[in-house]
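Colleague: Need a 3D model of the sequence below.
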Amino acid sequence: MVFALLQIVGFAAVAVYFGYWRAGHRRRNNESWETLLGQLRADWSARDLSDSFLWAEGLNATADDAWQRMEGPRGLWVMFQNARVMLQMADFVARNHPDVDRLLLETLRSDAMQIRICVLMGLAQYGFNQASEGVRINAYRAASMYAAMAARLTALLQNHAGEVLPDFVAAM
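Modeller: Model prediction:
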């Protein structure tokens, strides 16, 4: 009797979870460009960490410099959140422009996942070690991937959705 009740409760929990997951997936697919732009955290920017900025300024950033410029764990968390939003933006462009390069989309997806994993590792290390060398190196790696992902997404938007590019660049 108890085993049958546990099976029913387990099945109901799984069904509710999948219903919730499907509703969230449908909601994300129906989001407008303006909604996606509104989700970007514009209070922090990785512009100072991009290779083009550093090259133009004649700078050579180390892991310590990157940690200072990204404002420590705050910048890591913003990168974590913005990577998800930039991935949704790439999916938005793919849905509305079927001629998008699939390899570029897969690269953006891979970048987003790598950034999120790198950030989570950095934050976990930060929780235990308070900005040790390993944390700074993970943060530097995440920041480089983030800047490269933003550049790839900008190129994608420039080629397939030029009308929304100025809004994206301003939000970043």
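Colleague: need the next SSE after the helix or strand of the chain with the lowest mean pLDDT, C-terminal direction.
Modeller: When each helix and strand of the chain is scored by mean pLDDT, DSSP states H and E, helix 51-57 comes last, with a mean of 48. The helix or strand immediately downstream of helix 51-57 is helix 63-69, counting by DSSP states H and E.
Colleague: Report all helices and strands that that following helix contacts.
Modeller: helix 133-160 (3 or more Cβ pairs under 8 Å, 6 or more residues apart in numbering; DSSP states H and E). C-beta coordinates here come from the backbone N, C-alpha and C atoms, glycine included.
Colleague: Give the buried residues for the helix it packs on.
Modeller: Within helix 133-160, the residues that qualify as buried by neighbour count (16 or more other Cβ atoms under 10 Å) are 135-150, 152-153, 156-157, 160.
Colleague: how does the protein divide into domains?
Modeller: 1-30, 33-171 (automatic domain parsing).
Colleague: Can you tell me which of those domains is packed in deepest?
Modeller: Using mean count of other Cβ atoms under 10 Å, the stretch among the domains of the chain with the largest mean neighbour count is domain 33-171, at a mean of 17.
Colleague: And the residue nearest the centre of the chain, how far from residue 126?
Modeller: Nearest residue to the geometric centre of the chain (Cα atoms, centre = their mean): residue 83, 0.6 Å. Residue 83 sits 18 Å away from residue 126, going by Cβ to Cβ, to the nearest Å.
Colleague: all helices of the protein, in order?
Modeller: Listed in chain order, the helices of the chain (DSSP state H) span 2-29, 33-39, 51-57, 63-69, 73-96, 102-129, 133-160, 165-171.
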